[in-house]
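**Student:** following is a predicted model, sequence given first.
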Amino acid sequence: KISRGGWAKLLRGKEQTFEGKISSLKHFKEDVREMAAGQECGVGLEGFEAFEPGDVMETYRLEREEI
């Protein structure tokens, strides 16, 4: 699943082109908080718009664990 406010790395070939927050997430024209795997959605990255065909996006979530 992917969540708005989560983090993403954008890879172009073997190079990392971007790492930062997911600023928007849309399913068709509706803003959503998260999307399950296997469904289409639009992803906006904070401060990045130069997507190209073949780019690969890895998403992750940072969590704080209290000891």
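**Tutor:** Structure's in. What do you need?

**Student:** and the contacts of the longest strand that the chain contains?
**Tutor:** Secondary structure of the chain read by DSSP state E shows that its longest strand is strand 15-27. Contacts of strand 15-27 with the rest of the structure, by Cβ atoms under 8 Å, 6 or more residues apart in numbering, involve 2-11, 31-35, 39-48, 50, 55, 59. Quick note: C-beta positions are derived from backbone N, CA and C, even for glycine.

**Student:** out of those, which end up buried?
**Tutor:** Among the contacts of strand 15-27, those classed as buried by 16 or more other Cβ atoms under 10 Å are 2, 4, 6, 7, 8, 10, 32, 35, 43, 45.

**Student:** tell me the two of those that are most distant?
**Tutor:** Taking every pair in the buried ones among the contacts of strand 15-27 and measuring Cβ to Cβ, the maximum separation is 20.4 Å, between 10 and 32.

**Student:** mind listing what the helix or strand that comes right after the longest strand of the chain pairs with, with the direction of each?
**Tutor:** Per DSSP states H and E, the first helix or strand lying C-terminal to strand 15-27 is strand 30-31. Taking DSSP bridges as the criterion, strand 30-31 sits next to strand 15-27 (antiparallel) in its sheet.

**Student:** buried residues, the strand it pairs with. List them.
**Tutor:** 18, 22, 25.

**Student:** now that strand: average pLDDT?
**Tutor:** Mean pLDDT, strand 15-27: 95.

**Student:** just to revisit the earlier point, could the buried ones among the contacts of strand 15-27 go into TSV alongside distance to residue 65 and pLDDT?
**Tutor:** What follows is those, written out as TSV (distance: Cβ to Cβ, whole Å; pLDDT from 0 to 100):
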residue	distance to residue 65	pLDDT
2	22	92
4	22	91
6	17	93
7	16	95
8	22	95
10	27	96
32	27	94
35	25	93
43	27	93
45	26	95
